[in-house]
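**Q** Fold the following and give me the result.
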Amino acid sequence: MTKHQKTIKQIEAKFQAGKLDEAMDLCNLAISLAPKDPIAYRAKARLFQIKGNYPEAEKYYCAAMKRMNPEVDDLVNLGISLSSQQKYDEAIVQFDRVLEMNPKYLHAVIQRGASHWEMHRYDKAMEDFRLANEIAPDDANANWILGLLSLQMNDFKTGWPLYEKRWQSERFKSRKLVTQKPQWTTSSNANSALVWGEQGIGDQIIYGSLLPAIRKKAGYVTAMVDPRLVPIFKRSMPDINFMSNLDQVQAALHETQIPFASIGGTFIQELDDIEVHAARRYLTADPELVEKYRQELGLDPNKLTVGMSWISSAIKIGPHKSVNLEQLMPILKGDYNILNLQYGSDKRAIDEFNRKHGTNIVTSSVNLWSDFEGLAAICMQCDVVVSISSSTVHLAGALGVPVLLMDANKLWYWGNTRNGRSLWYPSVQVFPRASMVSPWDNVIESVKSALETGSFKNGG
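**A** Now for the predicted structure:
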């Protein structure tokens, strides 16, 4: 066995042992020993892909393919590396090549559908996800994704049953409640129901609009939510028992149970059902805190107060939804009170931004990450909120505060609109981005125009 062959075997051993840096060093050695052998290039590409360095992964997959006829897995991985750089059309070319070789290669169908979705070619995306569903009717990922797209396209009767497959998908990260109690339905004869928290704060707020609908049918309702939401929900819905989703729930409190998102499938079967069953202005801020922060901020009452939030912390989709603060200068330069609603923002960094750009973004003393009572009170200082999709939008919408949403089309429920307004939150005006590779400029210009004309005052 040559030194090069031994090195190739060592690469695999290090890879299986999770020693990725050592495997990378061995790839470099193997390439130096045999520059024309594609195996080390492919291994190096895979290592870069795992590390999230997609440009380098693309480079080395291409280098490997110059030295060999590519296999379907190589083409799929190259496509994923391209789509991870938002090179969606280039990625689709690779997935097409895979499907020419193997028309039933499930992962390529799903990835191609996802790329079409990002480019807002919804018809083509739907074709691919339906094909994935035909290829693997029991595949939870294929079912769940088809459900999400169906919900975004307002096809609720198709979407909800498929959305329930989320619990079988390894990509769905919420923990399921371990219980022997039956799931609550509108035909349940039980006198008590537990609604248990799943997914993020924004999801709990939007599905929380349906809690009063459950309360009308169940005598006693307990809802488990993120602990940051407990106080505001308790104030706003006093006839429902709220508790932290981190606490242990007593079995005696409920005869039936239902996860938060499944409430949607219970009540929303047609687009008009959202207006029928979802509550409006259903959260109420603490009036004492509203007054406290009004005095603290001392904003000019003769100017429009615009709350601003521009970054999402969601691990996978946050960067796609977010906007750089510099991009918002056309709005920040306006004659407004600009109020910082961005959780996690550093006041010193905002003050430095103000000095550098001549802006006047005001930051309150509220911890915008942990104090949702304070955040609600701050939202109530705003005539309008300008934001990317985040939990702040959900909170402001539930409070009835006007919102101009800069939407990246990453979340299905922002597609449930009428005349550009969210059916879940009528005070939210949705400005969708043309595609995931489109600049935000047109969206920001439309939002700027809405501020100047006051069109945000016409909803809610």
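
**Q** how about the helices in the stretch 101-250 of the chain?
**A** 106-118, 122-135, 140-152, 156-163, 201-208, 211-217, 230-236 (DSSP state H, counting those that start in this stretch).

**Q** Help me confirm that H107 comes into contact with V76.
**A** Yes - using CB atoms under 8 Å, H107 is in contact with V76, at 5.8 Å. In short, each C-beta sits where N, CA and C put it, glycine included.

**Q** Any regions of the stretch 301-450 of the chain where pLDDT drops low?
**A** The model of the stretch 301-450 of the chain has pLDDT under 70 over residues 312-321.

**Q** all helices for it, in order.
**A** So, for the stretch 301-450 of the chain - with DSSP H, counting those that start in this stretch - the helices run 318-321, 329-332, 347-357, 372-379, 391-399, 441-453.

**Q** Now render those helices as a markdown table, adding mean neighbour count.
**A** Output for these, formatted as a markdown table (neighbours: other CB atoms under 10 Å):
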| stretch | mean neighbour count |
| --- | --- |
| helix 318-321 | 17 |
| helix 329-332 | 17 |
| helix 347-357 | 13 |
| helix 372-379 | 25 |
| helix 391-399 | 28 |
| helix 441-453 | 16 |
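
**Q** Adding distance to V428, write those helices out as CSV.
**A** Shown next, in CSV, are the helices of the stretch 301-450 of the chain (distance: least, CB to CB, whole Å):
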stretch, distance to V428
helix 318-321, 15
helix 329-332, 17
helix 347-357, 25
helix 372-379, 12
helix 391-399, 5
helix 441-453, 12
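
**Q** Could you point out which of these sits nearest I206?
**A** Of all those, it is helix 391-399 that lies closest to I206, at 5.6 Å by CB to CB.

**Q** Can you tell me what sits against that closest one?
**A** Helix 391-399 has contacts (CB atoms under 8 Å, 6 or more residues apart in numbering) with 200-202, 205-206, 208-209, 281-285, 307, 309, 341, 343, 368, 372, 375-376, 379-380, 382, 385, 387, 403, 405, 422, 424-425, 427-428.

**Q** For T417, which of the helices of the stretch 301-450 of the chain is the nearest?
**A** With CB to CB as the criterion, T417 lies closest to helix 391-399 of those, at 12.5 Å.

**Q** gap between that closest one and the chain center?
**A** 15 Å (CA atoms, centre = their mean, to the nearest Å).

**Q** go on, stretch 171-191?
**A** Chain-centre distance of stretch 171-191: 23 Å, with CA atoms, centre = their mean.

**Q** Pull the residues that contact that stretch.
**A** Contact partners of stretch 171-191, identified using CB under 8 Å, 6+ apart, comprise 141, 144, 166-167, 193-196, 198-199, 214, 217-220, 251, 254-259, 262, 266-267.

**Q** and the end-to-end length of it?
**A** Terminal residues of stretch 171-191 are spaced 35 Å apart (CA to CA, to the nearest Å).

**Q** How about stretch 110-125?
**A** Stretch 110-125 has an end-to-end distance of 9 Å (CA to CA).

**Q** residues of it that come out buried?
**A** Buried residues in stretch 110-125, counted by 16 or more other CB atoms under 10 Å: 110-119, 121, 124-125.

**Q** and of these, the nearest to E326?
**A** E118 (23.9 Å).

**Q** Wait, the closest one touches Q85, no?
**A** No - using CB under 8 Å as the test, E118 is too far from Q85 to be in contact (11.7 Å).

**Q** This protein - how does it break down into domains?
**A** Listed domain ranges for the chain are 3-168, 192-277, 287-458 (source: automatic domain parsing).

**Q** Would you map the strands across the chain?
**A** In the chain, strands defined by DSSP state E lie at 192-196, 220-225, 241-244, 256-259, 305-309, 337-340, 361-362, 384-388, 403-407, 417-418, 421-422, 428-432, listed in chain order.

**Q** And those: which comes nearest N324?
**A** Going by CB to CB, the one of the strands of the chain nearest N324 is strand 384-388, 10.9 Å.

**Q** follow-up on the earlier one: T7 is nearest to which of the strands of the chain?
**A** Taking the strands of the chain one by one with CB to CB, strand 384-388 is closest: 47.2 Å.

**Q** Going by neighbour count, which residues of stretch 78-94 are buried?
**A** Across stretch 78-94, burial judged by 16+ other CB under 10 Å covers 78-84, 86-88, 90-92, 94.

**Q** Let me fix that, I meant to ask about stretch 188-204.
**A** Buried residues in stretch 188-204, counted by 16+ other CB under 10 Å: 188, 190, 192-204.

**Q** which one among these gets closest to L151?
**A** Relative to L151, the closest of the buried residues of stretch 188-204 is D203; by CB to CB it sits at 12.6 Å.

**Q** so what's the closest one up against?
**A** The neighbourhood of D203, defined by CB under 8 Å, 6+ apart, consists of F260, A261.

**Q** and it, how far is that from R433?
**A** The gap separating D203 from R433 is 21 Å, by CB to CB, to the nearest Å.

**Q** Also L399?
**A** Relative to R433, and taking CB to CB, L399 is found at 25 Å.

**Q** for S236, same thing?
**A** 32 Å.

**Q** now do K14
**A** 42 Å.

**Q** now swap in Q94 and tell me
**A** For Q94, the distance to R433 (CB to CB) stands at 24 Å.

**Q** likewise T453?
**A** Distance from T453 to R433, by CB to CB: 21 Å.

**Q** Next: L341.
**A** For L341 relative to R433 (CB to CB), the value is 20 Å.

**Q** Looking at these two, which one has more neighbours?
**A** Ranked by neighbour count (other CB atoms under 10 Å), L341 and R433 place L341 first, with 28 against 21.

**Q** my guess is the more buried one meets S387, correct?
**A** Yes - using CB under 8 Å, L341 makes contact with S387 at a distance of 6.9 Å.

**Q** Determine the residues that are contacts of both of the two.
**A** Joint contacts of L341 and S387 (CB under 8 Å, 6+ apart) are G307, M308, S309.

**Q** Of the residues you listed, which is the nearest to K356?
**A** Taking CB to CB as the measure, K356 lies nearest M308 of the shared contacts of L341 and S387, at 16.5 Å.

**Q** Alright, calling it a day.
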